[in-house]
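Asker: Below: sequence and its predicted model.
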Amino acid sequence: MDTDIGIRPPRHSRRVEAWVYTILNPLISSLRREAHLLRGGNLTWRWYSRKCEYIRPVRGYVENSHWPNYEDFLADQLNQGFKEDFDKHDQKLADVESSASRFFDGLMQAGIFRDQVERSLKDYESTGVRPENPSLDSMKEDLPKYVAEYLINRTEILPHHYMAHKFWQDYRSKFESSAEEFEGYQQRQSFRALETASGSLKEVSEKLLTRLKEHRLFLCRTYDVPAAPIYPSESMRADAFID
(Lines give C-alpha, C1' and ligand atoms only; values in the text may rest on other atoms or scores of the structure.)
Protein backbone atom coordinates (compact mmCIF):
# COMPACT_ATOMS: atom_id res chain seq x y z
CA MET A 1 0.00 0.00 0.00
CA ASP A 2 1.55 3.26 -1.23
CA THR A 3 1.24 5.71 1.66
CA ASP A 4 4.87 6.80 2.21
CA ILE A 5 5.17 10.52 2.80
CA GLY A 6 8.28 10.53 0.58
CA ILE A 7 6.37 9.32 -2.49
CA ARG A 8 4.88 12.43 -4.06
CA PRO A 9 2.88 12.75 -7.27
CA PRO A 10 4.78 14.06 -10.33
CA ARG A 11 4.21 17.48 -11.83
CA HIS A 12 1.02 17.73 -13.93
CA SER A 13 -0.33 14.75 -11.98
CA ARG A 14 -3.77 13.63 -13.14
CA ARG A 15 -4.37 12.37 -9.63
CA VAL A 16 -3.77 15.81 -8.16
CA GLU A 17 -6.05 17.26 -10.83
CA ALA A 18 -8.76 14.86 -9.72
CA TRP A 19 -8.40 16.07 -6.13
CA VAL A 20 -8.62 19.70 -7.19
CA TYR A 21 -11.50 19.36 -9.67
CA THR A 22 -13.71 16.75 -8.02
CA ILE A 23 -13.00 17.31 -4.31
CA LEU A 24 -11.56 20.72 -3.48
CA ASN A 25 -13.51 22.82 -5.97
CA PRO A 26 -16.95 21.39 -5.04
CA LEU A 27 -16.14 21.65 -1.32
CA ILE A 28 -14.94 25.25 -1.59
CA SER A 29 -18.04 26.24 -3.55
CA SER A 30 -20.38 24.45 -1.14
CA LEU A 31 -18.70 25.81 1.98
CA ARG A 32 -18.90 29.34 0.60
CA ARG A 33 -22.66 28.90 0.33
CA GLU A 34 -22.74 27.27 3.76
CA ALA A 35 -20.84 30.17 5.33
CA HIS A 36 -23.22 32.65 3.71
CA LEU A 37 -26.24 30.81 5.13
CA LEU A 38 -24.72 30.58 8.60
CA ARG A 39 -23.76 34.26 8.66
CA GLY A 40 -27.45 35.03 8.13
CA GLY A 41 -28.54 32.48 10.73
CA ASN A 42 -30.35 30.37 8.15
CA LEU A 43 -29.77 26.75 9.12
CA THR A 44 -32.16 25.48 6.40
CA TRP A 45 -33.43 23.05 9.06
CA ARG A 46 -36.64 21.18 8.17
CA TRP A 47 -39.09 19.88 10.75
CA TYR A 48 -40.14 16.86 8.67
CA SER A 49 -36.57 15.53 8.21
CA ARG A 50 -34.94 17.11 11.28
CA LYS A 51 -31.97 17.84 9.02
CA CYS A 52 -30.42 20.97 7.55
CA GLU A 53 -31.43 20.80 3.90
CA TYR A 54 -28.59 22.80 2.33
CA ILE A 55 -25.91 22.38 5.01
CA ARG A 56 -24.56 18.88 4.73
CA PRO A 57 -21.81 16.58 5.96
CA VAL A 58 -18.65 17.16 3.94
CA ARG A 59 -18.98 13.96 1.92
CA GLY A 60 -22.47 15.05 0.89
CA TYR A 61 -20.95 17.95 -1.06
CA VAL A 62 -19.03 15.52 -3.29
CA GLU A 63 -20.76 13.76 -6.18
CA ASN A 64 -21.25 10.03 -5.61
CA SER A 65 -19.28 9.19 -8.74
CA HIS A 66 -16.25 10.97 -7.24
CA TRP A 67 -16.28 9.28 -3.84
CA PRO A 68 -13.29 7.10 -4.86
CA ASN A 69 -11.34 10.34 -5.42
CA TYR A 70 -12.58 11.59 -2.04
CA GLU A 71 -11.33 8.44 -0.30
CA ASP A 72 -8.02 8.65 -2.15
CA PHE A 73 -7.66 12.30 -1.13
CA LEU A 74 -8.15 11.47 2.54
CA ALA A 75 -5.85 8.43 2.42
CA ASP A 76 -2.85 10.29 1.00
CA GLN A 77 -0.40 11.82 3.48
CA LEU A 78 -0.09 14.87 1.25
CA ASN A 79 -3.56 15.85 2.48
CA GLN A 80 -2.91 15.01 6.10
CA GLY A 81 -5.31 16.44 8.69
CA PHE A 82 -8.33 16.91 6.44
CA LYS A 83 -10.10 13.80 7.71
CA GLU A 84 -10.04 15.24 11.23
CA ASP A 85 -11.23 18.62 9.92
CA PHE A 86 -14.09 16.99 7.99
CA ASP A 87 -15.09 14.89 11.01
CA LYS A 88 -15.11 18.01 13.20
CA HIS A 89 -17.35 19.85 10.72
CA ASP A 90 -19.76 16.92 10.56
CA GLN A 91 -19.93 16.64 14.35
CA LYS A 92 -20.72 20.36 14.66
CA LEU A 93 -23.46 19.93 12.06
CA ALA A 94 -24.89 16.99 14.01
CA ASP A 95 -24.86 19.19 17.14
CA VAL A 96 -26.82 21.89 15.29
CA GLU A 97 -29.42 19.42 14.04
CA SER A 98 -29.93 17.84 17.46
CA SER A 99 -30.12 21.28 19.14
CA ALA A 100 -32.68 22.45 16.58
CA SER A 101 -34.73 19.30 17.18
CA ARG A 102 -34.71 19.82 20.95
CA PHE A 103 -35.81 23.44 20.57
CA PHE A 104 -38.51 22.43 18.11
CA ASP A 105 -39.83 19.69 20.41
CA GLY A 106 -39.93 22.17 23.28
CA LEU A 107 -42.03 24.61 21.26
CA MET A 108 -44.40 21.85 20.20
CA GLN A 109 -44.97 21.01 23.86
CA ALA A 110 -45.46 24.65 24.89
CA GLY A 111 -49.18 25.39 25.07
CA ILE A 112 -48.56 29.14 25.01
CA PHE A 113 -46.77 28.81 21.68
CA ARG A 114 -49.48 26.71 20.05
CA ASP A 115 -52.14 29.07 21.40
CA GLN A 116 -50.34 32.03 19.87
CA VAL A 117 -50.20 30.29 16.49
CA GLU A 118 -53.93 29.54 16.72
CA ARG A 119 -54.81 33.13 17.66
CA SER A 120 -52.66 34.50 14.84
CA LEU A 121 -54.30 32.17 12.35
CA LYS A 122 -57.80 33.22 13.44
CA ASP A 123 -56.81 36.86 13.08
CA TYR A 124 -55.34 36.16 9.64
CA GLU A 125 -58.51 34.35 8.53
CA SER A 126 -60.76 37.14 9.83
CA THR A 127 -59.65 39.36 6.95
CA GLY A 128 -61.15 36.91 4.47
CA VAL A 129 -59.57 34.86 1.70
CA ARG A 130 -58.09 37.05 -1.03
CA PRO A 131 -55.34 36.54 -3.60
CA GLU A 132 -52.92 38.30 -1.25
CA ASN A 133 -54.27 36.32 1.74
CA PRO A 134 -54.53 32.70 0.54
CA SER A 135 -56.31 30.13 2.68
CA LEU A 136 -54.05 28.10 4.96
CA ASP A 137 -56.54 25.26 5.45
CA SER A 138 -54.26 22.70 3.82
CA MET A 139 -51.43 23.44 6.26
CA LYS A 140 -53.43 24.46 9.33
CA GLU A 141 -52.61 21.29 11.26
CA ASP A 142 -48.87 21.70 10.68
CA LEU A 143 -48.72 25.49 10.96
CA PRO A 144 -47.10 25.44 14.46
CA LYS A 145 -44.36 23.23 13.01
CA TYR A 146 -43.71 25.62 10.16
CA VAL A 147 -43.67 28.64 12.48
CA ALA A 148 -41.14 26.87 14.71
CA GLU A 149 -39.05 26.06 11.64
CA TYR A 150 -39.11 29.70 10.53
CA LEU A 151 -37.97 30.78 14.00
CA ILE A 152 -35.15 28.24 14.01
CA ASN A 153 -33.97 29.41 10.60
CA ARG A 154 -34.40 33.10 11.44
CA THR A 155 -36.57 33.41 8.36
CA GLU A 156 -37.28 37.05 7.58
CA ILE A 157 -39.22 36.79 4.34
CA LEU A 158 -40.75 33.75 2.65
CA PRO A 159 -40.77 33.59 -1.16
CA HIS A 160 -44.03 34.87 -2.64
CA HIS A 161 -45.01 31.44 -3.95
CA TYR A 162 -45.04 30.01 -0.40
CA MET A 163 -48.59 29.63 0.89
CA ALA A 164 -47.64 31.09 4.28
CA HIS A 165 -45.84 34.09 2.75
CA LYS A 166 -48.41 36.71 3.83
CA PHE A 167 -49.07 35.05 7.20
CA TRP A 168 -45.38 35.14 8.10
CA GLN A 169 -45.00 38.66 6.78
CA ASP A 170 -47.81 39.87 9.06
CA TYR A 171 -47.07 37.87 12.23
CA ARG A 172 -43.32 37.17 12.28
CA SER A 173 -42.54 40.20 14.45
CA LYS A 174 -45.21 39.17 16.97
CA PHE A 175 -43.73 35.71 17.40
CA GLU A 176 -40.22 37.08 17.70
CA SER A 177 -41.03 39.96 20.04
CA SER A 178 -43.47 38.10 22.28
CA ALA A 179 -40.94 35.31 22.69
CA GLU A 180 -38.57 37.58 24.64
CA GLU A 181 -35.70 35.33 23.70
CA PHE A 182 -38.20 32.44 24.03
CA GLU A 183 -38.37 32.76 27.80
CA GLY A 184 -42.14 32.98 27.56
CA TYR A 185 -42.21 29.62 25.85
CA GLN A 186 -39.83 28.24 28.50
CA GLN A 187 -37.36 27.53 25.74
CA ARG A 188 -34.73 30.16 26.42
CA GLN A 189 -32.09 27.63 27.46
CA SER A 190 -32.62 25.35 24.46
CA PHE A 191 -32.60 28.37 22.13
CA ARG A 192 -29.29 29.51 23.62
CA ALA A 193 -27.90 26.00 23.04
CA LEU A 194 -29.01 26.21 19.41
CA GLU A 195 -27.33 29.61 18.99
CA THR A 196 -24.11 28.25 20.51
CA ALA A 197 -24.13 25.19 18.24
CA SER A 198 -24.82 27.34 15.18
CA GLY A 199 -21.99 29.74 16.03
CA SER A 200 -19.58 26.86 16.56
CA LEU A 201 -20.48 25.33 13.18
CA LYS A 202 -20.02 28.72 11.50
CA GLU A 203 -16.53 29.08 13.00
CA VAL A 204 -15.47 25.57 11.97
CA SER A 205 -16.97 25.98 8.49
CA GLU A 206 -15.14 29.25 7.82
CA LYS A 207 -11.81 27.84 9.03
CA LEU A 208 -12.26 24.75 6.88
CA LEU A 209 -13.08 26.91 3.85
CA THR A 210 -9.88 28.92 4.35
CA ARG A 211 -7.75 25.78 4.73
CA LEU A 212 -9.23 24.16 1.61
CA LYS A 213 -8.53 27.29 -0.47
CA GLU A 214 -4.95 27.43 0.80
CA HIS A 215 -4.43 23.73 0.08
CA ARG A 216 -5.79 24.09 -3.44
CA LEU A 217 -3.33 26.91 -4.08
CA PHE A 218 -0.50 24.77 -2.69
CA LEU A 219 -1.38 21.79 -4.91
CA CYS A 220 -1.79 23.93 -8.02
CA ARG A 221 1.54 25.68 -7.55
CA THR A 222 3.47 22.61 -6.46
CA TYR A 223 2.20 20.26 -9.17
CA ASP A 224 1.61 22.87 -11.87
CA VAL A 225 -2.07 22.12 -12.47
CA PRO A 226 -4.71 24.76 -13.22
CA ALA A 227 -7.27 25.49 -10.52
CA ALA A 228 -10.07 24.63 -12.94
CA PRO A 229 -10.15 22.44 -16.07
CA ILE A 230 -9.18 24.10 -19.34
CA TYR A 231 -10.97 22.46 -22.22
CA PRO A 232 -9.50 22.36 -25.75
CA SER A 233 -12.17 24.69 -27.11
CA GLU A 234 -11.28 27.29 -24.46
CA SER A 235 -7.58 27.05 -25.34
CA MET A 236 -8.37 27.50 -29.01
CA ARG A 237 -10.50 30.57 -28.30
CA ALA A 238 -7.74 32.04 -26.16
CA ASP A 239 -5.12 31.42 -28.88
CA ALA A 240 -7.35 32.98 -31.51
CA PHE A 241 -7.83 36.06 -29.32
CA ILE A 242 -4.08 36.41 -28.82
CA ASP A 243 -3.43 36.17 -32.57
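Answerer: Great, that's in hand. Residues are numbered from 1 along each chain as shown.

Asker: middle-most residue in this protein, spatially?
Answerer: To find the centre residue of the chain, average its C-alpha atoms and take the closest one (C-alpha atoms, centre = their mean): that gives I55, at 2.2 Å.

Asker: Break down this structure into its strands, ranges please.
Answerer: 45-46, 51-52 (DSSP state E).

Asker: contact partners of the first one?
Answerer: To tie it back to what came earlier, the one meant is strand 45-46. Surrounding strand 45-46, the residues in contact under the criterion C-beta atoms under 8 Å, 6 or more residues apart in numbering are K51, C52, E53, V96, E97, A100, E149, I152, N153. Placement of C-beta: from N, CA and C, glycine included.

Asker: Could you give the bridge partners of the first one?
Answerer: Applying DSSP bridges to K51 yields these beta-bridge partners: R46.

Asker: what number of residues lie near P159?
Answerer: Counted by other C-beta atoms under 10 Å, the residues lying close to P159 total 6.

Asker: pretty sure it contacts H165?
Answerer: Yes: with contacts defined as C-beta atoms under 8 Å, P159 counts as touching H165 at a distance of 6.7 Å.

Asker: List just the nearest of the contacts of strand 45-46 to E141.
Answerer: Using C-beta to C-beta, E149 comes nearest to E141 of the contacts of strand 45-46, at 14.5 Å.

Asker: measure the closest one to A94 for me?
Answerer: E149 is 19 Å from A94, where distance means C-beta to C-beta, to the nearest Å.

Asker: Could you check which of those two is surrounded by more residues?
Answerer: Neighbours around E149 and A94, counted as other C-beta under 10 Å, are more numerous at E149. The numbers are 20 against 14.

Asker: per-residue confidence for that one?
Answerer: At E149, the pLDDT value in this model is 97.

Asker: Look up the closest residue to it, ignoring the ones flanking it.
Answerer: Here the nearest residue to E149 in space, its sequence neighbours aside, is W47; by C-beta to C-beta, 6 or more residues apart in numbering that works out to 4.8 Å.

Asker: repeat for V129
Answerer: On the basis of C-beta to C-beta, 6+ apart, the spatially nearest residue to V129 that is not a chain neighbour turns out to be S135, at 4.9 Å.

Asker: what do you get for G106?
Answerer: Skipping the residues right next to it in sequence, G106 comes nearest to Q187 by C-beta to C-beta, 6+ apart, at 4.4 Å.

Asker: Please apply the same query to V16.
Answerer: Leaving out its chain neighbours, the residue that sits closest to V16 by C-beta to C-beta, 6+ apart is Y223, at 4.5 Å.

Asker: Now do the domain split for the chain, please.
Answerer: The chain resolves into domains spanning 14-106+194-226, 111-185 when parsed by automatic domain parsing.
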